[in-house]
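Chemist: Predicted model and sequence below, questions to follow.
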Amino acid sequence: MVKTRFTKLVSIMVSILMVAGLVAGCGSSGGQQSDVIKLGADLEMTGNNATFGQSATNGAKLAIKEVNAKGGVLGKQLTLIVADNKSEAAEAANAMQKLITQDKVVAVIAPIASSSVIAAAQVNADNKVLAISPTASNPKVTVDPNNGKVREFNFRAAFIDPFQGSVMATFAQKSLKAKTAALYIDNSSDYAKGLGQFFKETFEKNGGTIVANEGYLAKDTDFKATLTKIKSQNPDVVFVPGYYQEVGMIIKQARELGLTVPFLGGDGWDSAKLPEIGSPQALNNTFFSNHYSPDDNSPAVKAFVEAYQKEYNQTPDAFAALSYDATMMVIEAMKRANSADPVKIKDELAKTKDYQAVSGLISFNVSHDPVKSAVIIEMKDGKQTFREKVNP
């Protein structure tokens with residue numbers, strides 16, 4: 001009798017453990033719950049680059065909302081977990097660690113700034129989870145400069161600095177007929193230093209002369225002494241590949257000093273706050289390279305702009321468009337892999353070819369960099385206007 005009761009008790013306990021194991025197995029695995037797949041976003045929600053991070057978050061959320069409305073992926077709904085990196089490289093690594101080890105996401109929309117992506121790269125690599133930055137354009141984001149090897153788990157949706165710097169140098173010489181240029185570089189930014197280097201190389205290769213090469217640091221506010229030095233060299237154009245916060249002040253102060261030549265820059269200028277900081281009139285005769293223009297008449301751009309305006313009641317900037325593209329490419333890779341396993345998603349993402357994104361037709365090269373076109377934006381009375389498109 002005792003033996004029978006004991007046998008029954010053991011049988012019941014084994015059954016309970018088996019059920020518990022099944023529940024645990026179904027409950028969470030690689031960022032999945034029974035009906036949810038988690039994507040992460042390590043973005044600049046506060047700090048110097050907050051407007052970029054907020055736009056990128058909006059773009060990612062819109063992509064997920066659209067996919068969920070059509071049934072989700074693998075029979076599950078997607079959810080986005082956002083971690084604020086505070087626009088700081090060290091915080092970006094911490095945010096990446098949290099998203100992967102605590103929140104168990106299957107892929108991460110990586111930071112906006114190149115420095116922050118690079119700082120967090122070892123974290124996602126060690127955990128074998130892909131990170132795709134909407135906008136980080138420094139070559140070091142996807143290729144480790146210490147060994148020259150491709151970072152297996154790092155991708156980007158933006159074209160890289162050599163292309164962007166070359167585009168602006170060529171535009172300065174061919175469209176603006178510039179023969180001399182001054183560089184004014186944010187020396188605290190890998191992004192700005194990279195763009196400056198590649199602008200200089202292309203400009204000089206094509207017969208131009210760099211007459212001044214000056215620097216500043218993020219959060220500086222008084223640029224007049226250096227701008228006076230630049231003005232004394234009488235350049236045909238001034239290239240300032242920084243972020244909108246300082247760029248707005250630089251151009252405003254330059255105009256106050258009577259420096260009226262064209263100012264050029266990169267996609268770090270793309271913010272609705274730029275005219276507020278620099279003033280609409282001061283920004284006339286300025287140009288910057290970007291990844292897309294909301295004025296583009298392509299079907300993909302028109303559909304995205306309409307959906308974004310309906311959702312957020314504002315026109316999407318390039319950060320929103322690139323984050324939307326990055327999120328959609330991850331989701332498409334997940335569909336092709338027929339799995340939410342992070343490594344399988346990474347493998348499929350690397351195979352992306354001729355994907356029709358909002359920012360153009362995208363194929364990844366061996367370095368996980370997209371081959372795509374660029375656009376030149378001209379500022380007119382505080383508004384961005386499409387100037388021309390440049391193909392790779």
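Modeler: Perfect, I can see it now.

Chemist: how about the helices in the stretch 51-200 of the chain?
Modeler: Secondary structure of the stretch 51-200 of the chain (DSSP state H, counting those that start in this stretch): helices located at 89-97, 114-126, 161-174, 190-205.

Chemist: quick one: residue 244 and residue 274 touch, right?
Modeler: Yes - judged on C-beta atoms under 8 Å, residue 244 makes contact with residue 274 at a distance of 4.4 Å. Just so you know, the C-beta spots here come from the backbone N, C-alpha and C atoms, and that holds for glycine as well.

Chemist: could you list every residue that touches residue 52?
Modeler: 44, 112, 135, 271, 319 (C-beta atoms under 8 Å, 6 or more residues apart in numbering).

Chemist: Serialize those residues to TSV and add fields for pLDDT.
Modeler: As requested, those are exported to TSV (pLDDT from 0 to 100):
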residue	pLDDT
44	98
112	95
135	93
271	88
319	94
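
Chemist: Kindly reformat those as a markdown table containing distance to residue 170 and neighbour count.
Modeler: A markdown table is the format used below for these (distance: C-beta to C-beta, whole Å; neighbours: other C-beta atoms under 10 Å):
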| residue | distance to residue 170 | neighbour count |
| --- | --- | --- |
| 44 | 30 | 28 |
| 112 | 25 | 32 |
| 135 | 21 | 31 |
| 271 | 25 | 22 |
| 319 | 24 | 28 |
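
Chemist: so where's the stretch 201-350 of the chain uncertain?
Modeler: Along the stretch 201-350 of the chain, no part satisfies pLDDT under 70.

Chemist: Show me which of the contacts of residue 52 is closest to residue 87.
Modeler: Residue 87 has its nearest neighbour among these in residue 44, at 4.3 Å by C-beta to C-beta.

Chemist: From residue 245, how far out is that closest one?
Modeler: 12 Å (C-beta to C-beta, to the nearest Å).

Chemist: re the thing from before, with distance to residue 162 added, can I get the contacts of residue 52 in a markdown table?
Modeler: Below are the contacts of residue 52 laid out as a markdown table (distance: C-beta to C-beta, whole Å):
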| residue | distance to residue 162 |
| --- | --- |
| 44 | 24 |
| 112 | 19 |
| 135 | 15 |
| 271 | 24 |
| 319 | 21 |
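
Chemist: Just the closest of these to residue 99, please.
Modeler: In terms of C-beta to C-beta, no member of these lies closer to residue 99 than residue 44, at 14.4 Å.

Chemist: so what's the closest one up against?
Modeler: Taking C-beta under 8 Å, 6+ apart, one finds 50, 52, 53, 56, 84, 85, 86, 87, 111, 112, 113, 116 in contact with residue 44.

Chemist: what do you get for residue 127?
Modeler: 100, 101.

Chemist: Okay, it and residue 146: tell me how far apart.
Modeler: Using C-beta to C-beta, we find residue 127 at a distance of 20 Å from residue 146.

Chemist: Now do the strands in the stretch 151-300 of the chain.
Modeler: 154-156, 180-186, 209-216, 237-239, 263-265, 286-290 (DSSP state E, counting those that start in this stretch).

Chemist: Any idea what residue 360 is bridged to?
Modeler: residue 357 (DSSP bridges).
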